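>>> Mind looking at a prediction? Sequence and model below.
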Amino acid sequence: MQLQAGTDWPRVWNSLHNTRNSEGARSGWYVVILDNLPTHTRLHMIRLVESETCSLCGKQDTTLHWFKECVVSKEIWERP
């Protein structure tokens, strides 16, 4: 993923900065927004892992995959 063209980035950063979340939560969101999560796709690009695939399900491991597509993340999001 890349930063989306047409996004009002000053508004995004301002909103994130002004939330009442902890510093740790805000830092986590910065990592997600900047697409700096250590996914296998990212780690493969910098030659730290041999494969781009998720070690849990075998599909390409991207930020979107982490949060939405992986069968393991789906189980987490769908828990009551």
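Cool, the structure landed.

>>> how about the residue nearest to residue 60 when sequence neighbours are not counted, what does it touch?
Leaving aside its sequence neighbours, residue 60 sits nearest to residue 52 (Cβ to Cβ, 6 or more residues apart in numbering; 5.3 Å). C-betas here are computed from N, CA, C, even on glycine. Residue 52 sits next to 40-41, 44, 60-61 when contact means Cβ atoms under 8 Å, 6 or more residues apart in numbering.

>>> now do residue 26
So residue 26 contacts 16-17, 19 (Cβ under 8 Å, 6+ apart).

>>> 7 Å instead, please
16, 19 (Cβ atoms under 7 Å, 6 or more residues apart in numbering).

>>> Could I get the phi/psi values of it?
phi -60, psi -40 (degrees, to the nearest 10).

>>> If we ignore the residues flanking it in sequence, what's nearest residue 25?
Leaving out its chain neighbours, the residue that sits closest to residue 25 by Cβ to Cβ, 6+ apart is residue 19, at 7.8 Å.
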